[in-house]
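Participant: Starting from these lines, generate the structure:
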Amino acid sequence: MIIKSDKIVSTDNFKNEKELQRFFERNLKIILGIDFVETEFVVGDFRVDTFAYDSEANAFKIIEYKNSKNYSLVDQGYTYLKMLSQHKADFVLRYNRNCGKNIDISDIDWSQSRVVFVSPSYTSYQMNAADFYDAPYDLIKVTKYDDGIVDIDFIKHTSNVSIKEVSANSDDKADVDKEIKVYTEKDHLRDIPDSIIDLYTELKERILDLGDIDIDPKKYYIAFKGASNICDIEVQHKQLKITANLKYRELGDIVSPKVRDISRVGHWGNGECEISVKNQNDIDSAMPIIRKSFQKNQK
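Facilitator: Numbering: from 1, shown residues only. Next up is the predicted model:
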């Protein structure tokens, strides 16, 4: 139940799948931070509801809208990812044409391709069947209320089970698993010295204490996100390299010998402020900068 002032706001469901799709496409940049490419993109024997590009991952995303509860997320997710891998040239050509770009197939990070399912509801079976920590697809629940209020609920993967242990739709799955990679915190911490892992754990706890923040491991860093990236952490063998999502000039009166202006330097993370963390004191120096980024980029 949502209460607005002294009024209970009732649900006002989307009339159909198409209305849900139009709403989502209009607000794609706000909701997911990705770029719309085309609606109802036909490729081969498939029709993609929404074709989008994720500039942070440098990868394409397929978004599918569902009102029906009678479908398998696992099978359908892998079917679409296999289709994407088999029609790379079609996706790149359409992206170039619609967005005024001139990229090659090799310019896209195909390992970061993803499918996003959007629906007003999911069955408990669908939720459980799709709950793997390394699933290459995401679930979003969208609830529409009176007065134009729309609640966007990002369904988190909570299971410790890997989807690689599942044999569903084995032919499609085997082909996709060769190319698609879902990164986890464990991947970034593998073969890292215990002292650096301890630093990361301490820093992570202090960042999460700031408020409502999500952890989203990427290929080259671990992203801490509010409405957008707050900071990105590269876990290295001798240090943590943090990129705070701020313009360097936005630091204001924050002074730290550990922060570096990387606005003119190539780097993986989002923002212009880089902080190196090698010990506990460095965490103390980094937190005011991360807190400022949180204030700017919080939900």
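
Participant: Rounded mean pLDDT for stretch 229-249, please.
Facilitator: Confidence over stretch 229-249 (mean pLDDT, whole number) is 96.

Participant: brain fart, stretch 203-223
Facilitator: Averaging the model's pLDDT scores along stretch 203-223 yields 96.

Participant: now do stretch 278-298
Facilitator: Taken as a whole, stretch 278-298 has a mean pLDDT of 94.

Participant: just stretch 140-158 next, same as before
Facilitator: 87.

Participant: Is residue 238 in a helix, a strand, or coil?
Facilitator: Assigned state for residue 238: coil (three-state reduction, DSSP: H, G, I helix; E, B strand; the rest coil).

Participant: Likewise for the one 5 residues further on?
Facilitator: In terms of secondary structure, residue 243 is strand; the call rests on three-state DSSP.

Participant: Make sure residue 226 is actually in contact with residue 212.
Facilitator: Yes: with contact defined as C-beta atoms under 8 Å, residue 226 and residue 212 form a contacting pair (6.9 Å). Heads up, the C-betas are built off the backbone N, CA and C, glycines and all.

Participant: Find residues that contact each of these two.
Facilitator: Here residue 226 and residue 212 have 298-299 as joint contacts, going by C-beta atoms under 8 Å, 6 or more residues apart in numbering.

Participant: Between those two, point out the one with more neighbours.
Facilitator: Between residue 226 and residue 212, counting by other C-beta atoms under 10 Å, residue 226 is the more crowded of the two (19 against 11).

Participant: residues contacting that one?
Facilitator: With the criterion set at C-beta under 8 Å, 6+ apart, residue 226 makes contact with 211-214, 294, 297-299.

Participant: out of the residues you listed, who's nearest residue 172?
Facilitator: For the contacts of residue 226, the closest approach to residue 172 (C-beta to C-beta) belongs to residue 214, at 28.9 Å.

Participant: any idea how far that closest one is from residue 197?
Facilitator: Between residue 214 and residue 197 the distance is 21 Å, computed by C-beta to C-beta, to the nearest Å.

Participant: What of residue 158?
Facilitator: Residue 158 is 22 Å from residue 197, by C-beta to C-beta.

Participant: ok, those two, which is more surrounded?
Facilitator: A direct count of neighbours by other C-beta under 10 Å for residue 158 and residue 197 places residue 197 higher, at 13 against 9.

Participant: State the pLDDT value of that one.
Facilitator: With respect to pLDDT, residue 197 has a value of 97.

Participant: mind checking the SS state of it?
Facilitator: In three-state terms, and counting by three-state DSSP, residue 197 is helix.

Participant: what does the helix or strand containing residue 48 contact?
Facilitator: Secondary structure from DSSP states H and E places residue 48 in strand 46-54. By C-beta under 8 Å, 6+ apart, the residues outside strand 46-54 that reach it are 21, 24-25, 28, 32-42, 59-65, 80, 83, 91, 94-95, 99, 112, 114.

Participant: Check stretch 203-220 too.
Facilitator: 56-57, 109, 111-112, 154, 181, 183-185, 187-188, 222-226, 230-234, 240, 242, 268, 277, 283, 286-287, 290-291, 294, 298-299.

Participant: In helices only, show me those.
Facilitator: If you go by DSSP state H, the contacts of stretch 203-220 have 185, 187-188, 283, 286-287, 290-291, 294 in helices.

Participant: hmm, back to that, please check the contacts of residue 226 and keep the buried ones.
Facilitator: Taking 16 or more other C-beta atoms under 10 Å as the criterion, what is buried in the contacts of residue 226 is 213, 294, 297.

Participant: Quick check: the first one vs residue 204, distance?
Facilitator: What it means is residue 213. 10 Å.
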